[in-house]
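# quick one, structure for this:
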Amino acid sequence: ELDAKLKYTQLCRSLRTYGVTFFLVKEKMSGKNKLVPRLLGVTKESIVRVDERTKDFLEVWPLTHVKRWTASPNTFTLDFGDYATAYYSVQTHEGQQISQLIAGYIDIILKKKKDQDIARREGVADEEATLIEDIISPGKATIIQPNCPSFGYVHQQNVFSPPVMRGTYSDGSAHSQYQHYGPEYYPSQSYPMYPDQEQEEYFGSQIHEQPPLSTILHSGASGTVLYSSIENARNTVNSAQSQLAHELQMEYAQPPLSSLIDTQQEYSIEDRLDVSHQLLTSELSAINASTAQIVILTSDINTNQQTNRRNSDYNHSLGAAISTITNNLNEFCKEMDVYTNLINDQTNLMEQINRLCSIFNDLLTHIEALSDNNFDPSIRQNILLTASRLGEISQDLVRRLANEITTNYFDSSIEYQEKLLALAKLVANTTAAYVLKAKDIATNVQEQNTVNNIISTATQCALATSQLVACTKVVAATISSPLCQEQLIESARSV
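The predicted structure is shown next:
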């Protein structure tokens, strides 16, 4: 009996499909407007395309070739960057499950490479290294790997889901400062992922423990990194604006729709629009979430409690938020160019994108100004106003894009967004009344310390409320994104 079990196990392990999680999907036949069933498989090393009947492997893509992916309620799309000439898109209702499984396996690859690099750099012997076991469900992928013990201050950190960015195998060593969590910690909604941004994948949200921004910006090497992020953002945005201006001025010769279809494996225009909407959704959500993150990070709430925190952590978070906006805004402009070609609109949407770039430039200017004079309350107010303007542009873009599609990938109804904004304003009005009453109470108190505490607390509450209103305006248009929800919840906690 034991021999039979052993042979059975060996036979199972020898099968090519061993360790593969399969999803039944439908893909478009080449040259025909017809959908055929396919098996899309995910393993710890690759993504496979399998014939449903014969179980033959038609195509195998290593996970290290995946640039980004995105899921909508009815479709799932993969982008292999330079390794493929077109997106691979299928119809499925299991896009979120596929996305989470891929994210988990890529995390294993990145963590393995990161720990190997650390062990090689620090010369940790195998017998001195601890072992970490990672399990990804439902694929049951398990890996045991050496992990170099870390030293430093232990602190609690709220870890975000990927803000539209997850690195590929080639850049996995970049985010050595952050702890990975398994896919069970990730929100159910997933986004397309871009390379070159692994170091920006996670950023903390505990705004009650951050130091004043002026200290951050002048903290040696970490301040240099932040200034580099700002300068890179400014250059990228200026380049994008120049390209937008060039496209608006020239007599744009739109390529024939047939050529667009050829480049997308003969997709129909509707299929390409569907992919475009998914990408624009993810990129706009990341822009809004990172803008709200900047509002929180530059907050002047509770700045007297920051004596024991390391400035570089928050400096990195602020630089990461700026870089996240930069990269997603750049990709958003590129994808919007494709989108406007498909709908024959070369003016209105592009003008709004140009305004979005200009407002982001203004936000960068105010962040720099805050470093020079962090005691000027008008600078903080300028950041809130600029972020609110960016949110208004985002809302307008969502409404324009929603008019072109039958399924709204961007968010809930306009009525829900307006209700959210109305509730934030109601909190602000109620808080204003509370502040006035608190000051009246303070006038009847004899002890000066108590008076100071009352006034200080009321002031902090008013500042937190202003921040909540600004964050609500920023994320309202894309509130279905878990990233945007997290920023709004964090801002509400401060109130």
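# which residue comes closest to residue 435 once chain neighbours are left out?
In this structure, residue 435 finds its nearest non-sequential neighbour in residue 458, 4.6 Å apart by CB to CB, 6 or more residues apart in numbering. Any C-beta I mention is one placed from the backbone N, CA and C, and that applies to glycine too.
# buried ones in the strand or helix carrying that neighbour?
In this structure, residue 458 sits in helix 448-475 according to DSSP states H and E. Residues 451, 454, 458, 460-475 are the ones in helix 448-475 that count as buried (16 or more other CB atoms under 10 Å).
# that helix: what's the following helix or strand?
helix 482-494.
# which SS state does residue 445 fall under?
coil (DSSP: H, G, I helix; E, B strand; the rest coil).
# distance check, residue 488 against residue 394.
14 Å (CB to CB, to the nearest Å).
# average pLDDT for the helix holding residue 458?
What helix 448-475 shows for mean pLDDT is 89.
# try stretch 65-83
84.
# residue 488 and residue 394: which has the busier surroundings?
residue 394 (25 against 21; other CB atoms under 10 Å).
# in the host helix or strand of that one, which residues are buried?
Assigned by DSSP H and E, residue 394 belongs to helix 377-402. The neighbour-count check on helix 377-402 (16+ other CB under 10 Å) flags 379-380, 382-384, 386-398, 401-402 as buried.
# what's the distance between the nearest residue to residue 481 once chain neighbours are set aside and residue 114?
Computed as CB to CB, 6+ apart, the closest residue to residue 481 that is not its neighbour in sequence is residue 285, at 3.7 Å. Using CB to CB, we find residue 285 at a distance of 27 Å from residue 114.
# ok, those two, which is more surrounded?
Using other CB under 10 Å as the criterion, residue 285 and residue 114 rank with residue 285 on top: 27 against 21.
# buried stuff in the helix or strand encompassing the more buried one?
Per DSSP H and E: residue 285 is located in helix 269-297. Under the neighbour-count criterion of 16+ other CB under 10 Å, helix 269-297 has 271-297 buried.
# and it with helix 482-494, angle?
Between helix 269-297 and helix 482-494, the angle comes out at 20 degrees (axes from the mean of the first three to the mean of the last three CA atoms, to 10 degrees).
# report all helices and strands that the helix or strand just after helix 269-297 contacts.
Downstream of helix 269-297, the next assigned helix or strand under DSSP H and E is helix 311-343. In this structure, helix 311-343 makes packing contacts with helix 213-217, helix 221-249, helix 257-263, helix 269-297, helix 348-372, judged by 3 or more CB pairs under 8 Å, 6 or more residues apart in numbering; DSSP states H and E.
# on that earlier part again, distance of the residue nearest to residue 481 from residue 105?
Taking CB to CB, one finds residue 285 at 23 Å from residue 105.
# same check on residue 284?
Following CB to CB, the distance that separates residue 284 from residue 105 is 27 Å.
# and residue 21, by the same measure?
10 Å.
# more neighbours, these two?
residue 105 (25 against 19).
# would you confirm that the more buried one contacts residue 47?
No - if you go by CB atoms under 8 Å, residue 105 and residue 47 don't touch, sitting 9.3 Å apart.
# which residues do those two both contact?
residue 63 (CB atoms under 8 Å, 6 or more residues apart in numbering).
# give the contact list for residue 56.
Contacts of residue 56 (CB under 8 Å, 6+ apart): residue 50.
# dihedrals phi and psi, it?
Here is the backbone geometry of residue 56 (degrees, to the nearest 10): phi -70, psi 140.
# go on, residue 41?
phi -110, psi 150.
# distance of residue 56 relative to residue 490?
For residue 56 relative to residue 490 (CB to CB), the value is 50 Å.
# quick check: residue 359 touching residue 389?
Yes - if you go by CB under 8 Å, residue 359 and residue 389 touch, sitting 5.2 Å apart.
# contacting residues around stretch 452-472?
292, 295-296, 299-302, 381, 384-385, 387-388, 391, 420-421, 423-425, 427-428, 431-432, 434-435, 438-439, 441-442, 445, 487-488, 491-492, 494-495.
# show me where the stretch 1-150 of the chain has its strands.
Under the criterion DSSP state E, counting those that start in this stretch, strands of the stretch 1-150 of the chain are mapped to 21-28, 35-42, 46-51, 57-62, 68-71, 75-79, 88-91, 130-136, 141-147.
# tell me the buried residues in stretch 488-495?
Those would be 488, 490, 491, 492, 494, 495, for stretch 488-495 by 16+ other CB under 10 Å.
# now the residues you listed in JSON lines, with distance to residue 323?
Listed next are these as JSON lines, based on distance: CB to CB, whole Å:
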{"residue": "488", "distance to residue 323": "22"}
{"residue": "490", "distance to residue 323": "20"}
{"residue": "491", "distance to residue 323": "21"}
{"residue": "492", "distance to residue 323": "26"}
{"residue": "494", "distance to residue 323": "24"}
{"residue": "495", "distance to residue 323": "28"}
